[in-house]
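Visitor: heads up, no residue letters with this:
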């Protein structure tokens, strides 16, 4: 416990770095996958190849991506850009499926009504299609946010990993406390981020609160 | 990197690339085998009896939040030894939740009417499990095994930090020596191994899933 008290400043610094490294890719990934998913629903032959490519990219071990990216991007091996790009790749490769599924879940009659009332393609996307797709997109967003938060630590292997650095330090000094503190904070951060997303989803889908929630079914 | 990969000296011997690949595959399947031996029966039991569903769902979700590197260090420090055992414990701990959660999800997704029909035909509980529920749940069971495999392959790589062999050695040793071609080689081979195993499970999924389920 004294270690924790003595190192509060350091822990806080690493917690902030951890959050930054995990959340920026989620935002970037969302900004990339929504237009990409929209294009894939307009040109439907694109959808399956994109989802398959996402599956392959998602299967790449993070440590491999952290190391191979500098060769592709021309960045330094120890640059935070690699971590952010790698996690953005994971975010897009998982989220693309949810965006496509979400946009496809818009009932045809709803879409036709929107067109009939005079919505243009872009206006319809933002005012009708995306709001209806929110639950499906958010399901993916929650998975990928939690996964990113736990994956950032792997960056500590190459020297940038937020709370992950507490793991490598603890291991080198044969000292348990920093490892426990790191694991606990990382899990808490993931739970907190998940709660924020659940809250955000509630705010974005006010209509879902009016209708009584249907019984939960696990697919 | 090509020079490193095309130099036959790097491929042979007990620390050669082939030996490292085989080591990595051995770690992966050992951990996967133990995880499956624990998670499959438990997942089947929970799915069949519908008791303990809360555990199965939440374990799957909570495990995603666990940082694999932290778990690895924790296992090493708590067992107070270095080598395969603490790594195996960490790998199994990471492998169990995806298998358990998706086995449960697969069984709970079976239409109750189908189970009623099976019971109406006079099947016993065991027959319903092995002839109806498991075949229908198979795609999800395979996808759980697939998810666990990817997690294990990737964590076995960073286990080189705690002096395990396998392909992670190239990454960790390369980093220490600032030998980037060696690092890239390790990273590339791990990526290829992960994709290869993923394809293997995709093929397995096609083979073991009953034809009756592939109608559309």
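Guide: The structure has been received and is ready for your questions. As the structure is a computational prediction, the values presented were derived from the model and not from experiment.

Visitor: For residue 62, list the residues it contacts.
Guide: Assuming you mean chain A. By Cβ atoms under 8 Å, 6 or more residues apart in numbering or on different chains, the residues touching residue A:62 are A:86-87, A:90, A:151, A:154-155, B:154. Quick note: C-beta positions are derived from backbone N, CA and C, even for glycine.

Visitor: hm, I was asking about chain B
Guide: Residue B:62 is in contact with A:187, B:97, counting by Cβ under 8 Å, 6+ apart.

Visitor: for the lowest-mean-pLDDT helix or strand in chain B, packing partners?
Guide: Evaluated with mean pLDDT, DSSP states H and E, the helix-and-strand set of chain B has its lowest mean pLDDT in helix B:2-6, which scores a mean of 70. Packed against helix B:2-6, as judged by 3 or more Cβ pairs under 8 Å, 6 or more residues apart in numbering or on different chains; DSSP states H and E, are the following elements: helix B:180-208.

Visitor: can the helix it packs on be found next to chain A?
Guide: Yes: contact between helix B:180-208 and chain A, assessed by Cβ under 8 Å from any Cβ of the partner chain, occurs at B:180, B:183-184, B:186-188, B:190-191, B:194-195, B:198.

Visitor: returning to that earlier point: flag every buried residue along the least confident helix or strand of chain B.
Guide: Neighbour counts over helix B:2-6 (16 or more other Cβ atoms under 10 Å in any protein chain shown) mark residue B:4 as buried.

Visitor: ok, and what's touching it?
Guide: Contact partners of helix B:2-6, identified using Cβ under 8 Å, 6+ apart, comprise B:10, B:181-182, B:184-185.

Visitor: Widest-spaced pair of those?
Guide: Taking Cβ to Cβ, the two most distant members of those are B:10 and B:184; they sit 12.7 Å apart.

Visitor: For those two, indicate the residue with more neighbours.
Guide: More crowded of residue B:10 and residue B:184, by other Cβ atoms under 10 Å in any protein chain shown: residue B:184, with 23 against 19.

Visitor: Which pLDDT value goes with the more buried one?
Guide: Residue-level confidence at residue B:184 comes out at 87, pLDDT.

Visitor: about what we covered before: for the helix or strand that the least confident helix or strand of chain B is followed by, name the packing helices and strands.
Guide: Following helix B:2-6 in sequence order, the next helix or strand is helix B:17-49 (DSSP states H and E). Applying 3+ Cβ pairs under 8 Å, 6+ apart, one finds that helix B:17-49 contacts helix B:53-64, helix B:84-108, helix B:134-158, helix B:168-177, helix B:180-208.

Visitor: now the second one: how far from the chain's centre is it?
Guide: Helix B:84-108 has its C-alpha centroid displaced from the chain centroid by 7 Å (Cα atoms, centre = their mean, to the nearest Å).

Visitor: Just the buried positions in it, please.
Guide: Within helix B:84-108, the residues that qualify as buried are B:84, B:86-108, counting by 16+ other Cβ under 10 Å.

Visitor: ok, now the last one?
Guide: For helix B:180-208, the neighbour count (16+ other Cβ under 10 Å) marks B:180-191, B:193-195, B:197-198, B:201, B:205 as buried.

Visitor: Over to the first one?
Guide: Applying a neighbour-count criterion of 16+ other Cβ under 10 Å, the buried positions in helix B:53-64 are B:53, B:56-57, B:59-61, B:63-64.

Visitor: Also within reach of chain A: list those from the residues you listed.
Guide: Restricting these to contacts with chain A (Cβ under 8 Å from any Cβ) yields B:57, B:61, B:64.

Visitor: Surely the last one touches residue A:149?
Guide: By that I understand residue B:64. No: applying Cβ atoms under 8 Å, one finds residue B:64 not in contact with residue A:149, separated by 9.2 Å.

Visitor: in chain A, which spans are helices?
Guide: Ranges of helices within chain A are A:2-6, A:8-42, A:47-58, A:62-73, A:80-104, A:108-117, A:121-124, A:130-152, A:164-172, A:176-204, A:206-210, based on DSSP state H.

Visitor: Dump the ones you listed into JSON lines; add mean pLDDT as well.
Guide: Converted to JSON lines, these look like this (pLDDT from 0 to 100):
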{"stretch": "helix A:2-6", "mean pLDDT": "85"}
{"stretch": "helix A:8-42", "mean pLDDT": "94"}
{"stretch": "helix A:47-58", "mean pLDDT": "92"}
{"stretch": "helix A:62-73", "mean pLDDT": "89"}
{"stretch": "helix A:80-104", "mean pLDDT": "95"}
{"stretch": "helix A:108-117", "mean pLDDT": "92"}
{"stretch": "helix A:121-124", "mean pLDDT": "90"}
{"stretch": "helix A:130-152", "mean pLDDT": "94"}
{"stretch": "helix A:164-172", "mean pLDDT": "91"}
{"stretch": "helix A:176-204", "mean pLDDT": "94"}
{"stretch": "helix A:206-210", "mean pLDDT": "79"}
